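1. sequence and predicted structure, then a few things I'm wondering about:
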Amino acid sequence: MAIELRDVSKRFGNETVLSHVTVRLEDGECCCLAAPSGSGKTTFLRLLMRLEKPDEGSLLGLEGKRVSAVFQEDRLLEESSVLSNLRLVTGKLYTAQELAFAALRLLPEAALLKKVRECSGGMKRRVALLRALLAPSELLLLDEPFAGLDEENKRRAVCMIQEYSKGRTVIVAVHSKEEAAHFNARILQL
């Protein structure tokens, strides 16, 4: 079932962040929110995560859908290992070997057993992305997933997103149309 935002508006105090947004997201579709900071991308994603409620309008099609997300902040368990952070959201979905193999697509082997607090900012970002990609979900929301990544790691991340998101509805918030071009996705205007 498609997800629809119908005439959705969201305000914080006197500031209107989203005004009368109407969007239909088809199952399995990949869309990009390509806009500068402050344009409402994160608020849009937070509405889809049900962390915010619209002040006006309605959201349809979210019932029963599992959501996984990369937030602007990494939101990792700093005292747990990289693999423990991944296991937290995957449960028994992957064997230890499968989980390590997936992690090695974006991380060096030496990082897998490190506590997250010992990882660099770029590594933490990749762990957050891995966690969202590996979690079972129908809706994948990525809020600036490439923040802090160099070009090589960004390229690897794009490949992994494309591979692991097949069949899911994906929304990626990026700053530029150049980053959006990696996904061959529909561009959503807010």
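-> Arrived safely, thanks for sending.

2. can you show me the strands along the protein?
-> Taking DSSP state E to define them, one finds strands in the chain at 3-12, 15-25, 30-34, 56-60, 67-70, 139-143, 169-174, 186-188.

3. for the nearest residue to Ser37 once chain neighbours are set aside, grab phi and psi.
-> Among residues not flanking Ser37 along the chain, His175 sits closest, at 7.1 Å (C-beta to C-beta, 6 or more residues apart in numbering). Placement of C-beta: from N, CA and C, glycine included. For His175, the backbone dihedrals (degrees, to the nearest 10) come out as phi -90, psi -20.

4. is it true that His175 touches Leu33?
-> No. Under the criterion of C-beta atoms under 8 Å, His175 makes no contact with Leu33, lying 9.8 Å away.

5. comparing the two, which shows the higher neighbour count?
-> Higher neighbour count among His175 and Leu33: Leu33, with 26 against 17, using other C-beta atoms under 10 Å.

6. the more buried one contacts Arg186, doesn't it?
-> No. Contact between Leu33 and Arg186 fails when scored by C-beta under 8 Å: they sit 10.4 Å apart.

7. mind listing what the most centrally placed residue in the chain touches?
-> With distances taken as C-alpha atoms, centre = their mean, Leu142 lies nearest the centre of the chain, 2.0 Å away. Leu142 makes contact with Ala69, Val70, Leu129, Ala132, Ile161, Val170, Ile171, Val172, Ala173, according to C-beta atoms under 8 Å, 6 or more residues apart in numbering.
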